[in-house]
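Engineer: Dropping a prediction and its sequence here:
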Amino acid sequence: MNLQSYVDAVRHELGVAAAAGGPDAEALADRLTAPLDSAIRLALLEALSDAAEEITRELAPASVEVRLRGRDPEFTVSAGAEAEHEPVHPVPESDDDGGGTWRVTLRLPESLRSPVDAAARAEGLSVNAWLVRAVASALGGRRRPRGNTDRFFSGWVH
């Protein structure tokens, strides 16, 4: 997937907006476009990674990964090796945010890196997807009871 067309579209829109501000604004926009290239690419990659993570949860035991080849992302879809060998522990949906994601920093001992990488690779999963499954399995499907008081909404309102 070539991200350059998306980056160029944002650059163009910045130029159009700057043109309304006059020559000084246009000059500033020209100076900002080079540093913005990396920021736009990073934001697009994060969005693609989040999308792949969400799709992986829906496709279990299959998974979708975003991999970089040079500067461009590629999607890899795997059927999931455990589908043939053992039962799958379903990943429980979140009770309070409609299936959204939660970011957490997890610090593990370096000695676990190799075994975790190997286990994820053996199951055809990303390390993140493998860890989500491990947590879901450890919880044994325990879920909070649903109730109207524990719901919240997020997003933008105009």
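Structural biologist: Structure's in. What do you need?

Engineer: what's downstream of the worst-scoring helix or strand of the chain on mean pLDDT, the next helix or strand?
Structural biologist: Least confident element among the helices and strands of the chain, by mean pLDDT, DSSP states H and E: helix 82-85 (a mean of 46). Beyond helix 82-85 in the direction of the C-terminus, DSSP states H and E gives the next helix or strand as helix 113-122.

Engineer: Which positions in that next one come out as buried?
Structural biologist: If you call a residue buried by 16 or more other C-beta atoms under 10 Å, then helix 113-122 has these buried ones: 119-120. Bear in mind the C-beta positions are built from the backbone N, C-alpha and C, glycine included.

Engineer: before we move on, what about stretch 19-36?
Structural biologist: When neighbours are counted by 16+ other C-beta under 10 Å, the buried residues of stretch 19-36 are found to be 26, 29, 33, 36.

Engineer: The first one - that's part of a helix, no?
Structural biologist: Yes. Applying DSSP: H, G, I helix; E, B strand; the rest coil, one finds residue 26 inside a helix.

Engineer: That one contacts residue 18, correct?
Structural biologist: Yes. With contacts counted by C-beta atoms under 8 Å, residue 26 reaches residue 18, the gap being 4.8 Å.

Engineer: Tell me the spatial nearest neighbour of the residue sitting nearest the centre point of the chain, not counting adjacent residues.
Structural biologist: By C-alpha atoms, centre = their mean, the chain has its centre lying nearest to residue 50, at 1.7 Å. Sequence neighbours aside, residue 101 is the residue nearest to residue 50 in space, at 6.6 Å (criterion: C-beta to C-beta, 6 or more residues apart in numbering).

Engineer: and the angle for the host helix or strand of residue 68 with helix 113-122?
Structural biologist: Assessed by DSSP H and E, residue 68 sits inside strand 63-69. Here strand 63-69 runs at an angle of 110 degrees relative to helix 113-122 (axes from the mean of the first three to the mean of the last three C-alpha atoms, to 10 degrees).

Engineer: How far does strand 63-69 sit from its chain's centre?
Structural biologist: 10 Å (C-alpha atoms, centre = their mean, to the nearest Å).

Engineer: Alpha carbons of that strand, as PDB, please.
Structural biologist: Provided in PDB are the C-alpha atoms of strand 63-69 (Å, rounded to 0.1, in the frame of the first residue of the first chain):
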ATOM      1  CA  SER A  63      -5.100 -12.600  12.200                       C
ATOM      2  CA  VAL A  64      -4.200  -9.600  10.100                       C
ATOM      3  CA  GLU A  65      -0.800  -7.900  10.500                       C
ATOM      4  CA  VAL A  66       0.600  -4.700   9.100                       C
ATOM      5  CA  ARG A  67       4.300  -5.100   8.000                       C
ATOM      6  CA  LEU A  68       6.600  -2.500   6.700                       C
ATOM      7  CA  ARG A  69       8.400  -3.100   3.400                       C
END
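
Engineer: Many thanks, we can stop here.
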